[in-house]
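Undergrad: Build me a model:
(chains A and B)
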Amino acid sequence: MSDVAVKSKDEVTPQVSGAPKAENALDARLAALPLPKGGWLADARAEALARLRDMGLPGPRDEYWRFTDPRPFNAPSAKPLPFEPAAEESPLFSADDKLTLVFVDGQFDAEASDDLSLDGIEISTLSGTQDQAEHWAKGLYGALELAGQNPVSRPFAALNTAAAQDGLLIRVTGKPAKPIHVLHRRAAEDADVVWHHVIRVEEGAEATLLETGMVGARSNGVIEADLAKGARLHMIAAKRAVDPKVGLSHVFARVAEGASLKSFVLSVNGNVMRNEAVVDMVGDDAVAHVAAAVLGDQNIGPFHHDDTVFITHGALRGESRQVYKKVLKNGATGVFQGKILVKPGAQKTDGYQISQALLLDERSQFLAKPELEIYADDVKCSHGSTTGAIDETALFYLRSRGVPYERAIVFLVLSFLADALEEIEDEGLRGQINDRLEAWLTTRASQ
Amino acid sequence: MLKIDNLHVKLEEEDKQILKGLSLEVPAGQVHAIMGPNGSGKSTLSYVLSGRDGYEVTDGDATLDGESLLEMEPEERAAAGLFLAFQYPVEIPGVGNMTFLRTAVNAQRKARGQDELSSGEFLKIVRAKAKDLQIDAEMLKRPVNVGFSGGEKKRNEILQMAMLEPRMCIMDETDSGLDVDAMRLVSEGVNALRDAGRSFLVITHYQRLLNHIKPDVVHIMSNGRIVKSGGPELALEVEENGYGDLLAEAG
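TA: Model prediction:
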């Protein structure tokens, strides 16, 4: 058991030569951001800005940023990153009937999107409602992010709440017939995207949110998901294969009695990525499963992928699972920081955490920090972390059947990732993710 | 078909000689059995022939239809017609049995310059062959060997053999861990594959399997060599008297 690192306020900016001092760095960062004002979001944005000033930006000595350099996120502007729209892959989930909402460099594109109306769900956007004085999401926007700032502060999430350019406000009241698909597209090479979704799933309601595409040269995303009693939310994000960028995301979820959150993220390459999931299980019998399958090959571009998870059990009989699998090649780096906190009284908690890396060469590395902090005596919690290479016996078995070496490696990588993919409840969606992975691995097997 | 000539093999990592001048020839259409005490090098022989890493051939050769196997990758040996039924078939979670089998069949067909089977054609063949081995559709759908009993795993090996149609089959203690019924099923599967163009090298500890799969020749292996060869009666002799007398006699 170890304590959560709580950052002190003076420990902020990297002290590289020529770098501005702490306050200046934050000022420079804020000065470069268009900070929207007014409307129903004004108070939440102002409060977020105030707490960001209070926290400061993370520095190199910050325990929570020990394995990932925060500087690409601290920098005032995004480093331009070229992309090739011509190399568009066939869209994922294309076979499914879904409601697609398109964001271009983080801005909602109504023309390119489907009609927002769908039975059982109410969808609006930040940009479309920011001039209104009232909105159902008032009181929720920024609230879960704020709750997630304790015991560890997450300055980039506060920055996001203050500065988000656009995002979805989704209220699920029933069981919409099709999934909501957020499709991100890039336009400018230096787009610095800040997007923020708020999802409220009402009592007994159920929805699926799919997220695909390329976000920007740099992106900072926040999803606040509030699940009422018995609600179910499935989130599946598949980050685009050829997507060099600096990306950061936070999911803040509050899970009420008997509600269930299932989140799966597929990340294939990138540049510097950090995905944080902060889940607060506030009701009895709540369920939260968070999983990710990550593939990084530094021959395609620099690769550093960080998953940071914090799950809090605050009620009876909660069930949580963290399943994180990373395949790292040609010097890629994977990071996992995962924590299960069981509060006093959260008896009969069932908490499970596994983080595993498959290193395809000796230059790649995996840094893992699994943590359990338990204040209840009748709980079942386990965590495991492994780092390994391809199983030679299995490789020989496949090859002895005539399966060529490269193809055998693809099979073994898929085999390694299978547990994470199992966390996708919908068999059809799971199959499509698996097929996409397989196709990607097959085309890159020989590289 | 298979010719092993004065084969010397040591472990790659340590200075330990395992095969010390093993010679053996299995003509087309014949079944040869290799018996021998623990540690005589039987499994090593099967691994070296099929191309597993970790062994170093220091002398001698092994050829399949005149072509040296030793320089080939494991998948090339498979495409050339060699098959090893594993003593411990490997579990591969997350990879469907059918996907694996179809990939293997088509990779071999491709390597031999044949057309790949369509999924319809493949399904039809695999279903028929699975039925003979009493492998149900549910088992085919599961990940490779995951959750299979010992007997199911061995039957799955024979199914792979039946689908891949190798010319030279090596069976490494396929009888280990099998009950009487499973042994009968596996043996029937093997016997159904016997024909004039296909040979078998059956490695076993016990004579029992050879009641079901009748060998043409039985070899006794000890300390990295074949020390005696003979007809099926040799296996009965081992069963009754153990290896002691035979090995003493062979010097």
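
Undergrad: ok, now which ones touch B:Val217?
TA: B:26, B:30-33, B:229-231 (CB atoms under 8 Å, 6 or more residues apart in numbering or on different chains). For glycine as for every other residue, the C-beta is placed from the backbone atoms N, C-alpha and C.

Undergrad: Sitting in strands, which of those residues do you find?
TA: Judged by DSSP state E, strands contain the following of those: B:26, B:31-33, B:229-230.

Undergrad: Let me see the confidence value for A:Ser90.
TA: On the pLDDT scale, A:Ser90 is placed at 62.

Undergrad: Equivalent analysis for A:Asp43, please.
TA: 96.

Undergrad: quick check, it in a helix?
TA: Yes: assessed by DSSP: H, G, I helix; E, B strand; the rest coil, A:Asp43 belongs to a helix.

Undergrad: Give me the nearest residue to A:Gly128, chain neighbours excluded.
TA: The shortest distance from A:Gly128 to any non-neighbouring residue, by CB to CB, 6 or more residues apart in numbering or on different chains, is to A:Phe108 (7.0 Å).

Undergrad: thinking the one you found is in contact with A:Thr125, fair?
TA: Yes: at 4.6 Å, A:Phe108 counts as touching A:Thr125 under the criterion of CB atoms under 8 Å.

Undergrad: Now for the two: what residues contact both?
TA: In contact with both A:Phe108 and A:Thr125: A:166, A:168, using CB under 8 Å, 6+ apart.

Undergrad: Between the two, which is the more surrounded one?
TA: Taking other CB atoms under 10 Å in any protein chain shown, A:Phe108 and A:Thr125 do not tie; A:Phe108 has more neighbours (23 against 20).

Undergrad: contacting residues for that one?
TA: Contacts of A:Phe108 by CB under 8 Å, 6+ apart are A:101-102, A:125, A:127-128, A:166, A:168.

Undergrad: Those: which two are farthest apart?
TA: Distances among the contacts of A:Phe108 were taken as CB to CB; the most separated pair is A:Val102 and A:Gly128, at 13.8 Å.

Undergrad: how about the helices in chain B?
TA: With helices called from DSSP state H, chain B shows them at B:42-50, B:74-79, B:97-111, B:119-132, B:137-141, B:150-164, B:180-193, B:208-212, B:233-241, B:244-250.

Undergrad: Using TSV, please lay out those together with distance to chain A.
TA: Formatted as TSV, the helices of chain B follow (distance: least, CB to the nearest CB, whole Å):
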stretch	distance to chain A
helix B:42-50	5
helix B:74-79	4
helix B:97-111	4
helix B:119-132	14
helix B:137-141	13
helix B:150-164	6
helix B:180-193	16
helix B:208-212	21
helix B:233-241	27
helix B:244-250	31
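
Undergrad: Most tightly packed of these?
TA: Of all the helices of chain B, helix B:74-79 has the most neighbours on average by mean count of other CB atoms under 10 Å in any protein chain shown, namely a mean of 23.

Undergrad: which residues touch it?
TA: By CB under 8 Å, 6+ apart, helix B:74-79 touches A:396, A:399-405, A:408, B:49-52, B:64, B:69, B:104, B:107-108, B:111-112, B:164, B:166.

Undergrad: Mean pLDDT lowest where, among the helices of chain B?
TA: With a mean of 77, helix B:244-250 has the lowest mean pLDDT of the helices of chain B.

Undergrad: Tell me which residues touch residue 235, please.
TA: Going with chain A. Going by CB under 8 Å, 6+ apart, A:Met235 touches A:208-209, A:211, A:223, A:225, A:251, A:261-264.

Undergrad: wrong chain, I was asking about chain B
TA: B:33, B:35, B:207, B:210, B:215, B:218.

Undergrad: Spatially nearest residue to it (excluding sequence neighbours)?
TA: With CB to CB, 6+ apart, the residue lying closest to B:Ala235 is B:Gln207, at 4.4 Å.

Undergrad: surely that neighbour meets B:Leu234?
TA: No: the pair B:Gln207 and B:Leu234 does not pass the contact test of CB under 8 Å, sitting 9.4 Å apart.

Undergrad: which neighbours do those two share?
TA: Common contacts of B:Gln207 and B:Leu234 (CB under 8 Å, 6+ apart): B:Met35.

Undergrad: Find the closest residue to chain B in chain A.
TA: Of all residues in chain A, A:Ala418 sits closest to chain B, at 2.5 Å by CB to the nearest CB.

Undergrad: Please identify the helix or strand for that residue.
TA: For A:Ala418, the element it lies in under DSSP states H and E is helix A:405-421.

Undergrad: Between helix B:97-111 and that helix, find me the angle.
TA: Counting by axes from the mean of the first three to the mean of the last three CA atoms, to 10 degrees, helix A:405-421 points 160 degrees away from the direction of helix B:97-111.

Undergrad: helices or strands up against helix A:405-421?
TA: Helix A:405-421 sits against strand A:287-297, strand A:319-329, strand A:350-359, helix A:392-400, helix A:427-444, strand B:92-96, helix B:97-111, with contacts defined as 3 or more CB pairs under 8 Å, 6 or more residues apart in numbering or on different chains; DSSP states H and E.

Undergrad: Select from the ones you listed the stretch with the lowest mean pLDDT.
TA: Among the helices and strands packed on helix A:405-421, helix A:427-444 carries the lowest mean pLDDT, a mean of 86.

Undergrad: in the sheet, who's paired with the residue nearest the centre of chain A?
TA: The residue lying closest to the centre of chain A (CA atoms, centre = their mean) is A:Asn275, at 4.0 Å. A:Asn275 has these beta-bridge partners by DSSP bridges: A:Ser249, A:Asp307.

Undergrad: what's near enough to touch it?
TA: A:247-251, A:265, A:267, A:292, A:306-308.

Undergrad: follow-up on the earlier one: can you tell me which member of the contacts of B:Ala235 has the lowest pLDDT score?
TA: Among these, B:Gln207 has the lowest pLDDT, at 85.

Undergrad: which bits of the stretch 301-447 of chain A sit near chain B?
TA: When proximity is defined as CB under 8 Å from any CB of the partner chain, the stretch 301-447 of chain A approaches chain B at A:391-394, A:396-405, A:407-408, A:411-412, A:414-419, A:421.

Undergrad: Repeat the analysis, applying 6 Å as the threshold.
TA: Contact residues (CB under 6 Å from any CB of the partner chain) of the stretch 301-447 of chain A with chain B: A:393-394, A:396-397, A:399-404, A:411, A:414-415, A:418.

Undergrad: Just the buried ones from the residues you listed?
TA: Using 16 or more other CB atoms under 10 Å in any protein chain shown as the burial test, these include A:394, A:396-397, A:399-404, A:411, A:414-415, A:418 as buried.

Undergrad: Which members of those residues are the farthest-apart pair?
TA: Within those, A:Gly402 and A:Ala418 form the most distant pair, 22.6 Å apart (CB to CB).

Undergrad: picking that back up, for the helix holding A:Ala418, what is the distance to the chain centroid?
TA: Computed by CA atoms, centre = their mean, to the nearest Å, the chain-centroid distance of helix A:405-421 equals 23 Å.
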